[in-house]
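Engineer: Let's see this in three dimensions:
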Amino acid sequence: MPFRCTPGMKAPVETLSEKPWTIAIKPFQVSPRTWYVAGQTWVGCYLIDTGDGLLLIDTAIPESLYMLVDSIYALGYKPTDIKKILISHAHFDHMGAAAAMRELTGAPIYMSREDAKFMAECPEETMIPQSGSHCQYFTPDEFYDDDRPVTLGDISVKTLLTPGHTIGCTSFFWEEKNPVTGETYVVAMHGGVGANTMNDGYYATSKYLTPDLRDRFLADVEVLKKMRVDIALPSHPNQITITDRAGSYTHESQPFLDGTVWADFLTERARQVTELMK
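Structural biologist: Presented below is the predicted three-dimensional model:
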């Protein structure tokens with residue numbers, strides 16, 4: 001299915017922090033080993049079955065934590081099956097419930113050194129206490145090393161520092177094998193592409209982020225577009241439309257398999273960032 005995106009949700013923080021059930025969605029499979037488990041349609045969270053425990057990518061915010069946990073149980077897993085928690089970047093909507101998930105699972109939290117520093121030194125731009133969400137501060141247990149994948153079971157997640165949206169935004173790449181066809185797919189999630197922190201208005205007030213990060217983002221896009229990605233997953237499901245196919249996955253049909261989506265998605269995000277520069 002070719003690339004499609006949709007407009008961002010109106011009042012997403014207010015909705016997710018005050019009435020998350022209004023944007024509820026059941027968990028659904030997106031690849032042979034990965035499920036969308038956020039429980040809501042604003043921020044994506046993904047669960048990877050490695051054969052020796054689960055990897056969780058992002059946690060969303062505390063107010064929607066019950067939806068994430070319910071999604072895990074609905075798939076037949078338990079929170080304690082999660083062995084590692086991977087955070088894409090230091091914004092409250094992706095990491096706000098990380099501390100609580102660590103307590104529930106006993107799993108260590110992984111994050112980039114750059115964003116751990118950003119979070120510690122600049123909570124007003126990361127935890128955003130005035131948002132209405134009651135995020136819990138945490139200290140990560142492990143830091144990413146782009147030369148050393150995060151490995152569990154037979155899944156190795158390659159991390160790649162892709163700054164721009166934050167200074168330590170991290171993207172993820174891993175391979176999965178289709179048990180029916182035997183084909184191997186490269187699955188990827190870019191760590192963050194929001195133009196809301198890559199514009200001159202934001203830089204004018206930011207205590208931490210600078211325009212050189214935007215330059216790095218645009219340069220990285222040209223490199224990333226050339227990488228093979230068979231199944232592209234969004235950190236926000238409006239950025240790559242996937243919820244329209246929720247519940248349709250089978251190993252035979254592979255409704256999210258399309259090697260053109262990744263490059264088209266990055267091209268569109270770069271266009272949005274560039275447009276704001278005018």
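
Engineer: Residue 257 and residue 186 touch, don't they?
Structural biologist: No - with contacts counted by Cβ atoms under 8 Å, residue 257 stays clear of residue 186, the gap being 10.6 Å. No exception for glycine: its C-beta is placed from N, CA and C like everyone else's.

Engineer: residues of whichever strand or helix holds residue 263 that come out buried?
Structural biologist: According to DSSP states H and E, residue 263 maps onto helix 261-277. Using 16 or more other Cβ atoms under 10 Å as the test for burial, helix 261-277 gives 261, 262, 263, 264, 265, 266, 268, 269, 270, 272, 273.

Engineer: Over to stretch 134-143?
Structural biologist: 135, 136, 138, 140.

Engineer: again, but for stretch 194-205
Structural biologist: Of all the residues in stretch 194-205, those buried under the rule 16+ other Cβ under 10 Å are 194, 195, 197, 198, 199, 202, 203.

Engineer: what's near enough to touch residue 104?
Structural biologist: When contacts are counted by Cβ atoms under 8 Å, 6 or more residues apart in numbering, residue 104 touches 69, 79, 80.

Engineer: ok, now how distant is it from residue 241?
Structural biologist: To residue 241, residue 104 is 30 Å away according to Cβ to Cβ, to the nearest Å.

Engineer: repeat for residue 266
Structural biologist: 15 Å.

Engineer: How about the most centrally placed residue in the chain: what's its closest non-neighbour residue?
Structural biologist: When Cα atoms, centre = their mean is applied to the chain, the residue found nearest the centroid is residue 235 (3.6 Å). Nearest non-adjacent residue to residue 235, counting by Cβ to Cβ, 6 or more residues apart in numbering: residue 44, 5.3 Å away.

Engineer: So the one you found, which state does it fall into?
Structural biologist: Look at residue 44: counting by DSSP: H, G, I helix; E, B strand; the rest coil, its state is coil.

Engineer: Is it in contact with residue 234, as I believe?
Structural biologist: Yes - contact status for residue 44 versus residue 234: in contact at 5.8 Å, counting by Cβ under 8 Å.

Engineer: shared neighbours of the two, which are they?
Structural biologist: Residues touching both residue 44 and residue 234 (Cβ under 8 Å, 6+ apart): residue 189.

Engineer: Who has more neighbours out of these two?
Structural biologist: More crowded of residue 44 and residue 234, by other Cβ atoms under 10 Å: residue 44, with 26 against 20.

Engineer: And residue 270, how far from residue 234?
Structural biologist: 15 Å.

Engineer: For the protein, which segments count as strands?
Structural biologist: 28-31, 34-36, 46-49, 54-57, 82-86, 109-111, 142-143, 150-152, 155-161, 170-177, 184-189, 231-233 (DSSP state E).

Engineer: To residue 18, which of those lies closest?
Structural biologist: With Cβ to Cβ as the criterion, residue 18 lies closest to strand 34-36 of these, at 22.6 Å.

Engineer: List the contacts of the closest one.
Structural biologist: Strand 34-36 has contacts (Cβ under 8 Å, 6+ apart) with 25, 27-30, 44-49, 71, 75, 176, 187, 233, 237, 242-243, 246.

Engineer: again with stretch 90-97
Structural biologist: Residues from elsewhere that reach stretch 90-97 (Cβ under 8 Å, 6+ apart): 12-13, 16, 42-43, 58-62, 64-65, 68, 87-89, 111, 115-116, 118-119, 126-128, 131, 133, 135-136, 138, 165-166, 168, 192, 235.

Engineer: what residue ranges in the protein score low on pLDDT?
Structural biologist: 1 (pLDDT under 70).

Engineer: rerun at 90
Structural biologist: Scanning the chain for pLDDT under 90 picks out the ranges 1-2, 8-9, 128-136, 276-278.

Engineer: list the contacts for residue 265?
Structural biologist: Going by Cβ under 8 Å, 6+ apart, the list of residues near residue 265 reads 3, 5, 190, 232, 234, 239, 240.
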